[in-house]
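Trainee: fold the following for me, if possible:
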Amino acid sequence: MRPALAKAAALEMARILVPRGIRLPFPLSRSSAGPGGGTTSIFLQIGETTVRLEVERDADRDRRTGLALRGSGGRLDIIRGGRVLARDVRVRGAGLHAPGQAFINLHDRCRFGCAFCNLPVSPGKGLPARRWAAIVRGALAAGKVDAVAVTTGIPDTPSRACRDIARLVRSVRRDFPSVPVGVEPYTVDEGDLRALRRAGATELKLNIQCATGAIMRRVCPELDRDGILENLEAGVRLFGRGRVCSNLIIGLGETDAQALRAARLLARMGVAVNIRPLRVNALNRGPLERALGGRPGPPDGRRLLRLSRAQKRIFLEHGLEPGSFRTMCHRCTACDIEPFADL
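Mentor: Numbering: from 1, shown residues only. A predicted model of the protein is given here:
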């Protein structure tokens with residue numbers, strides 16, 4: 001099976017059984033932000049493409065996940081339903097939560113409570129910003145990573161969280177003046193973006209999250225979608241065209257037309273959208289069902305491929321090159337079907 005097809009099938013399943021008897025060359029990664037917060041994951045390279053999957057350790061759950069990692073003769077294969085989905089896959093090092101990057105979540109609590117996000121209910125590390133800065137500087141000094149990305153929950157106000165990010169960025173910049181630094185805040189205040197840019201951030205991610213305002217009001221009722229769109233335009237002015245990106249989560253009840261309309265809107269601004277499949281787990285399943293009025297429907301692999309091919313055409317039409325990003329999700333590529341890198 002071609003790597004892109006295998007990756008799409010793996011993303012559809014989202015989880016993989018990794019038997020405890022398999023010796024891995026790198027430790028598993030634990031996420032503390034977003035839909036994957038509180039879960040353990042593995043990065044697997046299939047050909048030239050990389051996929052991130054939540055790890056299951058209980059063999060009895062293999063029937064539910066459908067994917068399993070199998071070791072044979074020094075080789076690792078991905079098995080689906082008893083058949084080989086991908087042969088000779090390679091485990092990639094997770095850096096600090098993303099290959100080659102220190103991608104950290106500064107605050108592990110959030111007041112907004114979006115239905116898909118695990119932050120309000122998952123136990124976090126709770127490290128102080130000074131400790132995070134030391135960890136990041138240590139990883140850079142040791143050559144474990146060559147880029148930094150910072151996201152955060154919002155325990156108090158968006159502006160205060162942005163100030164905390166800015167302090168961490170300045171701390172890193174003092175010792176590593178040329179390292180690329182991406183920031184992923186939530187704010188509708190252009191002044192917050194200016195402060196992050198002055199601190200030394202080089203790339204911005206500000207997430208639109210939902211394809212329509214109606215879905216946003218159900219899933220993230222406390223977020224200001226219009227304000228996000230306005231600040232994305234401001235972000236392009238401050239950071240530059242092609243240096244701003246935004247998550248668009250697929251699987252919340254939107255149609256393909258609605259998703260691609262949002263992707264085109266962002267592309268016209270100079271924003272490179274990330275089409276992100278919804279990940280459902282034990283922590284966010286209940287909130288999603290209450291918000292959507294039924295069981296959430298993560299997209300199947302065929303839909304992901306279809307949308308990503310359309311996304312690639314949109315990028316070409318608007319001169320956007322996601323491969324030019326040096327931080328965050330367009331660099332990592334493991335959670336989405338990434339135009340150009342995968343297709």
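
Trainee: helix or strand right after the helix or strand bottoming out on mean pLDDT in the chain?
Mentor: Lowest by mean pLDDT, DSSP states H and E among the helices and strands of the chain is helix 62-65, with a mean of 51. Counting by DSSP states H and E, the element after helix 62-65 in chain order, helix or strand, is strand 67-72.

Trainee: report the buried residues of that following strand.
Mentor: 67-69 (16 or more other Cβ atoms under 10 Å). C-beta here means a position set from N, CA and C on the backbone, and glycine is covered the same way.

Trainee: for Ile208, give its distance to Pro287.
Mentor: For Ile208, the distance to Pro287 (Cβ to Cβ, to the nearest Å) stands at 19 Å.

Trainee: Gly47 now?
Mentor: 36 Å.

Trainee: swap in Ala147?
Mentor: Taking Cβ to Cβ, one finds Ala147 at 32 Å from Pro287.

Trainee: of the two, which one has the most company?
Mentor: Taking neighbours as other Cβ atoms under 10 Å, Ala147 and Pro287 compare with Ala147 leading, 23 against 19.

Trainee: partners of the more buried one in the sheet?
Mentor: Gln101 (DSSP bridges).

Trainee: Arg109 sits in which helix or strand?
Mentor: Using DSSP H and E, no helix or strand contains Arg109.

Trainee: neighbours of the residue lying closest to it once chain neighbours are set aside, just the number please.
Mentor: Computed as Cβ to Cβ, 6 or more residues apart in numbering, the closest residue to Arg109 that is not its neighbour in sequence is Pro155, at 4.4 Å. Residues contacting Pro155 under the criterion other Cβ under 10 Å number 15.

Trainee: per-residue pLDDT, Pro155?
Mentor: According to the prediction, Pro155 has pLDDT 91.

Trainee: so which strand or helix has it?
Mentor: Assigned by DSSP H and E, Pro155 falls within no helix or strand.

Trainee: separation between it and Asp108?
Mentor: 8 Å.

Trainee: what does Asp77 give?
Mentor: Taking Cβ to Cβ, one finds Asp77 at 35 Å from Asp108.

Trainee: which of the two has more neighbours?
Mentor: Between Asp77 and Asp108, counted using other Cβ under 10 Å, the more crowded position is Asp108 (19 against 15).

Trainee: by contact count, what packs against the strand or helix carrying Ile104?
Mentor: Taking DSSP H and E as the criterion, Ile104 maps to strand 95-105. Contact here means 3 or more Cβ pairs under 8 Å, 6 or more residues apart in numbering; DSSP states H and E; on that basis strand 95-105 packs against helix 129-141, strand 147-151, helix 328-332.

Trainee: the same query, at a cut-off of 6 Å, please.
Mentor: helix 129-141, strand 147-151 (3 or more Cβ pairs under 6 Å, 6 or more residues apart in numbering; DSSP states H and E).

Trainee: mind checking which of these is nearest Glu12?
Mentor: The closest of those to Glu12 is strand 147-151. By Cβ to Cβ, the value is 25.0 Å.

Trainee: and the closest one, how far out from the chain's middle?
Mentor: The chain centroid and the centroid of strand 147-151 are separated by 12 Å under Cα atoms, centre = their mean, to the nearest Å.

Trainee: and the helix or strand that that strand is followed by, average pLDDT?
Mentor: Going down the chain from strand 147-151, the next helix or strand is helix 158-175, by DSSP H and E. The average pLDDT for helix 158-175 rounds to 97.

Trainee: how far does helix 158-175 sit from the chain's center?
Mentor: The answer for helix 158-175 is 20 Å, by Cα atoms, centre = their mean.

Trainee: what does stretch 162-179 give?
Mentor: 21 Å.

Trainee: same thing with stretch 82-93?
Mentor: Using Cα atoms, centre = their mean, the offset of stretch 82-93 from its chain centre is 22 Å.
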